[in-house]
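In: Turn this into a structure:
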Amino acid sequence: MKAVFAIPGDIETRTGGFIYERALLMALREAGHDVEHLQLPAGFPDPTAAEMAEAVAALAALPADAPLILDGLVYGAIATEGLAQVRAPIVAMIHHPLALETGLPPQRAALLHRREADNLALAAEVVVPSPHTAAILRERYAVPAEKISIALPGFGAPDPLRTPDQPPLILAVGILVPRKGHDMLLDALARLGDLDWQAWIVGARYDPATAEALEAQSVALGLASRVRFTGSLGEAALRDGFRRASVFALATRYEGYGMVFSEALLHGLPIVTCASGAVPDTVPPEAGILVPTDDTEAFAAALRSLLTDDARRSAMAKAATAAGQALPSWADTAAAMAGALSRSLG
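Out: Alright, predicted model coming up:
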């Protein structure tokens, strides 16, 4: 099947959405589908007028006989009147609605919600990475259930190699934006000063103001010698971090799936996180401790439990390993997308 996969900016960007889409593109090609990668301007979801015009022109020029998979950063932000010019059948790839990003001004969130709802009405099919996102689109965006396909992220084989650091390493992976909750993690770590631990916060400085605030917070809490902001890490360096860690901790405020949690399962790591968005669907209860969003005391207590109770940590690590072995493959993800592409053609 011929198709076009339109993605904004650098496809090698190391965030969950880009990792998902790059792997899905490769898996579709490996399954025999002729899928062209169309790079759109990098400014989405906040494009300049010139970037918006460039994206509309590129999409409108596509032929009508091959489906278009359109990345959600573009889909939720592109002008509806521009999207209406697209002749190709559209498959919207929605990781999570843009309006649900933490910290948006209410007016901006309302605008994004209206635009994404209007744009979703133009989609022939909608593909999401989790049952949670499917439910959100049905309930809040009036997308008919029959239009939605769930394509869970795929993963490789579990990594059995463990080289845990001493003191125990607490690993957090997520770009430096308010939604990832690194500020709450730091507040929780400040309550564990009596214990021996170290922490890495791995993620690109996506929002410079948030990054600077987190670094200042770490210093103010007296954590600078124990918490390392690594920036974005390459695949090998990140794998090394997972192998060295004893606990994975991310105080996220919302996830449309949360691929990094499944990565933690592949490495047999017990997880501490928040019961937000799709996280309860992604993290098995026997492999993780989920606390209410923004409950710093509960988050600190969960970390303390895993750092001080070797038996509990070991049992949860064993459960994480079992869950990692049951994760789907990228071939499964590609098959779900291929079904949506076929249906988009009528």
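
In: Would you mind measuring from the closest residue to residue 11 other than its chain neighbours to residue 303?
Out: The spatially closest residue to residue 11, leaving aside those adjacent along the chain, is residue 22, at 5.1 Å (C-beta to C-beta, 6 or more residues apart in numbering). Using the backbone N, CA and C atoms, a C-beta is placed for each residue, glycine as well. Distance of residue 22 to residue 303, given as C-beta to C-beta, to the nearest Å: 32 Å.

In: Between those two, point out the one with more neighbours.
Out: The neighbour comparison of residue 22 against residue 303 (other C-beta atoms under 10 Å) goes to residue 303, with 24 against 18.

In: would you say that one is within a helix?
Out: Yes - the assignment for residue 303 is a helix, going by DSSP: H, G, I helix; E, B strand; the rest coil.

In: Against residue 309, how distant is the residue lying closest to it once chain neighbours are set aside?
Out: In space, and not counting its chain neighbours, residue 303 is closest to residue 272: 5.5 Å by C-beta to C-beta, 6+ apart. Remark: distance between residue 272 and residue 309 (C-beta to C-beta) = 13 Å.

In: Tell me how many other residues crowd the nearest residue to residue 232 once chain neighbours are set aside.
Out: Among residues not flanking residue 232 along the chain, residue 204 sits closest, at 4.0 Å (C-beta to C-beta, 6+ apart). Residue 204 is flanked by 16 other residues according to other C-beta under 10 Å.

In: for residue 204, what are its contacts?
Out: Counting by C-beta atoms under 8 Å, 6 or more residues apart in numbering, residue 204 makes contact with 14-15, 175-176, 231-232.

In: So residue 272 and residue 309 - more neighbours on which side?
Out: Using other C-beta under 10 Å as the criterion, residue 272 and residue 309 rank with residue 272 on top: 30 against 12.

In: host element of the more buried one?
Out: Using DSSP states H and E, residue 272 falls within strand 271-274.

In: Neighbouring strands of that strand in the sheet, and parallel or not?
Out: strand 245-250 (parallel), strand 288-291 (parallel) (DSSP bridges).

In: Please convert the ones you listed to CSV, extending it with distance to residue 199 and mean pLDDT.
Out: As requested, those are exported to CSV (distance: least, C-beta to C-beta, whole Å; pLDDT from 0 to 100):
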stretch, distance to residue 199, mean pLDDT
strand 245-250, 8, 98
strand 288-291, 17, 98
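
In: Just name the most buried of the ones you listed.
Out: Of all these, strand 245-250 has the most neighbours on average by mean count of other C-beta atoms under 10 Å, namely a mean of 26.

In: element containing the residue lying farthest from the centre of the chain, please.
Out: The centre of the chain is farthest from one residue, residue 194, which by C-alpha atoms, centre = their mean lies 32.9 Å away. Using DSSP H and E, residue 194 is not contained in any helix or strand.

In: quick one, what contacts the nearest residue to residue 286 once chain neighbours are set aside?
Out: Closest residue to residue 286 apart from its sequence neighbours, by C-beta to C-beta, 6+ apart: residue 319 at 4.0 Å. Contact analysis of residue 319 by C-beta under 8 Å, 6+ apart lists 284, 286-287.

In: what's the spacing between the residue nearest to residue 157 when sequence neighbours are not counted and residue 256?
Out: Of all residues not flanking residue 157 in the chain, residue 266 sits nearest, at 7.9 Å (C-beta to C-beta, 6+ apart). Between residue 266 and residue 256 the distance is 19 Å, computed by C-beta to C-beta.

In: swap in residue 294?
Out: From residue 294 over to residue 256 the distance is 19 Å, taken as C-beta to C-beta.

In: With residue 279 instead?
Out: In this view, residue 279 and residue 256 are 10 Å apart by C-beta to C-beta.

In: now do residue 171
Out: Separation of residue 171 from residue 256 (C-beta to C-beta) stands at 21 Å.

In: between the two, who's got more neighbours?
Out: Neighbour count, other C-beta under 10 Å: between residue 171 and residue 256, residue 171 has more, with 26 against 23.

In: these two touch, right, that one and residue 198?
Out: No - the criterion here is C-beta atoms under 8 Å, and residue 171 misses it with residue 198 at 9.8 Å.

In: re the thing from before, residue 248: which of the contacts of residue 204 is nearest?
Out: Nearest to residue 248 among these, counting by C-beta to C-beta, is residue 175 at 16.0 Å.

In: All the strands of this structure, residue numbers only.
Out: In the chain, the segments counted as strands under DSSP state E are 2-8, 34-40, 68-71, 90-93, 125-128, 148-150, 169-173, 198-202, 227-231, 245-250, 271-274, 288-291.

In: Kindly report the domain assignment for the chain.
Out: 2-154+328-344, 169-325 (automatic domain parsing).

In: so how far is the first one off the chain centroid?
Out: Counting by C-alpha atoms, centre = their mean, to the nearest Å, domain 2-154+328-344 is centred 14 Å from the centre of its parent chain.
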